[in-house]
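Q: sequence below, structure please.
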Amino acid sequence: MSHEPREESKTELQSQLTNQKISALKKYQMMTIGRSGLWRLIKYELIMLICNRCSGALGYFLRKILYPRLLGHVGKGTVFGRDMTLRHPHKIRVGDHCVFDDLVVLDAKGETNQGITIGDNVIIARNTVISCKNGNITIGDNSNISLNCMIHSEKNVVIGPKNLWAAYCYIIGGGKHNFDRIDMPIIQQGSQVDGIQMSEDIWLGARVTIFDGCSIGKGVVIGAGSLVNKDIPDYKIAAGVPVKIIKDRAGQKGNESPSESSQT
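A: This is a model prediction of the structure:
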């Protein structure tokens with residue numbers, strides 16, 4: 001018996017990319033730039049070819065000049081590293097004085113979404129992936145996201161200003177797949193997607209994972225290696241698998257900063 005996904009279980013993009021009647025070139029164009037038109041594809045290919053492998057000051061200069069011709073908006077003073085991946089670039093908007101390290105992925109892919117919006121003075125470190133699956137991602141001003149992090153959105157992931165993240169943090173705005181039935185593949189059973197809301201001034205330790213549907217309050221500190229599957233109110237310190245609230249910053253004497261013993 002065939003267990004291939006039924007057509008109704010696929011997104012519009014997935015249906016198109018697996019349609020044997022659509023050429024490989026057309027599929028590539030839908031996946032990379034998300035718009036029709038041969039000239040758009042040629043322009044994308046030429047700019048990525050020229051910019052990505054060019055190192056040193058010349059590379060930074062070329063990307064500063066050419067990437068704004070692909071992206072929806074680029075503010076002044078923004079720096080792009082080498083070997084970046086840009087998908088559906090017309091739906092990527094970047095503020096002033098941002099810094100993107102080498103090998104960053106900005107993927108705004110989707111049929112009806114608005115894509116990725118990044119505020120001013122944001123730093124995205126090496127190997128970090130910011131990826132939409134027909135969802136939207138917003139990152140607030142003055143945030144600092146360390147290397148090898150991932151932000152995934154199938155609906156709305158909103159990250160407030162002044163967020164500080166250590167390495168390998170995973171923000172999974174991808175919903176909860178239904179799996180109650182065993183007579184059909186999980187991919188056909190659908191999922192519930194609620195999105196993720198993160199307020200301002202949040203500190204995530206290394207390898208924190210935040211699941212879909214969570215809301216993280218202002219001034220929250222989450223310890224390294226924690227798995228967040230519930231809301232965290234303002235100014236709490238939380239840690240563990242699953243996460244538990246272990247301290248209240250607002251209740252500390254003299255409103256001091258959390259100590260180093262929180263293992264973040």
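Q: alpha carbons only for contacts and neighbour counts from here, please
A: Will do.
Q: for the residue lying closest to Phe80 once chain neighbours are set aside, which residues are in contact?
A: Spatial nearest neighbour of Phe80, excluding adjacent residues (CA to CA, 6 or more residues apart in numbering): Phe100 at 4.9 Å. By CA atoms under 8 Å, 6 or more residues apart in numbering, the residues touching Phe100 are Val79, Phe80, Gly81, Ile123, Ile124, Ala125, Arg126.
Q: okay if I get those residues as JSON lines plus neighbour count and pLDDT?
A: Compiled in JSON lines, those are given as follows (neighbours: other CA atoms under 10 Å; pLDDT from 0 to 100):
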{"residue": "Val79", "neighbour count": "18", "pLDDT": "95"}
{"residue": "Phe80", "neighbour count": "23", "pLDDT": "96"}
{"residue": "Gly81", "neighbour count": "23", "pLDDT": "94"}
{"residue": "Ile123", "neighbour count": "21", "pLDDT": "98"}
{"residue": "Ile124", "neighbour count": "24", "pLDDT": "98"}
{"residue": "Ala125", "neighbour count": "21", "pLDDT": "98"}
{"residue": "Arg126", "neighbour count": "21", "pLDDT": "97"}
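Q: and which of those is nearest to Asn148?
A: Distance to Asn148 across the contacts of Phe100 (CA to CA) is lowest for Arg126, with 6.5 Å.
Q: ok so the closest one is a strand residue?
A: No: applying DSSP: H, G, I helix; E, B strand; the rest coil, one finds Arg126 to be coil, outside a strand.
Q: quick one, grab the pLDDT at Asp248.
A: Asp248 is assigned a pLDDT of 94 by the prediction.
Q: skip ahead from the worst-scoring helix or strand of the chain on mean pLDDT and say which helix or strand is next.
A: The helix or strand of the chain with the poorest confidence is helix 12-17; it has a mean of 63 (mean pLDDT, DSSP states H and E). Remark: after helix 12-17, the chain's next helix or strand is helix 24-32, criterion DSSP states H and E.
Q: mind listing what's buried along that following helix?
A: Lys26, Lys27, Gln29, Met30, Met31, Thr32 (16 or more other CA atoms under 10 Å).
Q: do the same with stretch 166-177
A: Of all the residues in stretch 166-177, those buried under the rule 16+ other CA under 10 Å are Ala166, Ala167, Tyr168, Cys169, Tyr170, Ile171, Ile172, Gly173, Gly174, Gly175.
Q: I'd like these as TSV, with pLDDT, secondary structure and distance to Val220 appended.
A: TSV is the format used below for the buried residues of stretch 166-177 (pLDDT from 0 to 100; DSSP: H, G, I helix; E, B strand; the rest coil; distance: CA to CA, whole Å):
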residue	pLDDT	secondary structure	distance to Val220
Ala166	97	coil	14
Ala167	97	coil	17
Tyr168	98	coil	18
Cys169	98	coil	15
Tyr170	97	strand	16
Ile171	97	strand	15
Ile172	94	strand	18
Gly173	90	strand	19
Gly174	85	coil	22
Gly175	76	coil	23
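Q: export the residues you listed as TSV, with columns for distance to Lys133.
A: Compiled in TSV, these are given as follows (distance: CA to CA, whole Å):
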residue	distance to Lys133
Ala166	24
Ala167	23
Tyr168	20
Cys169	19
Tyr170	15
Ile171	13
Ile172	11
Gly173	10
Gly174	8
Gly175	11
